[in-house]
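# After the sequence you'll find the predicted model.
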Amino acid sequence: MALLKGITIQLVGLTKTGTDPFGNPIYEEADINVENVLVSPASTDDIVNQLTLTGKKAVYTLAIPKGDTNDWEDKEVKFFGKRWRTFGFPTEGIEDLIPLDWNKKVMVERYG
């Protein structure tokens, strides 16, 4: 029996490094490696529903492992050699009631 195993993706975090002369914050990107993330193509229903509701085209759905505490709302991620952006609210189940290693999912669209 083959066990499911996800890939390592990079979640792009922003760290405030200062302010510009106009008082606007300056951020520096820092990649956070998140291991064991499942990546699956978005279903036709998800694509149509998200396009209708948000105007964004879902390409993949990411399954986030249990115990992850990162913020996934409207964040950039890197995998498959490309940049993506999460959108919508991550949906989360109760860890103890889900038998596998993942309890959160979030959709991504192509970005840059």
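Perfect, I can see it now.
# Now do the strands in this protein.
7-19, 25-41, 60-65, 76-79, 82-92, 102-110 (DSSP state E).
# Any buried residues in the last one, and which?
So the one you mean is strand 102-110. Residues of strand 102-110 classed as buried: 102-109 (neighbour count, 16 or more other C-beta atoms under 10 Å). C-beta: built from backbone N, CA, C; applies to glycine.
# With the fourth one instead?
Judged by neighbour count (16+ other C-beta under 10 Å), strand 76-79 contains these buried residues: 76-77, 79.
# how about residue 72, what does it touch?
11, 62, 64, 86, 90, 104, 106 (C-beta atoms under 8 Å, 6 or more residues apart in numbering).
# Can you flag the buried ones in the residues you listed?
11, 62, 64, 86, 90, 104, 106.
# What residue in this structure is the furthest from its centre?
residue 21 (32.8 Å; C-alpha atoms, centre = their mean).
# contact partners of stretch 12-23?
Taking C-beta under 8 Å, 6+ apart as the rule, stretch 12-23 contacts 25-32, 70, 75-78, 83.
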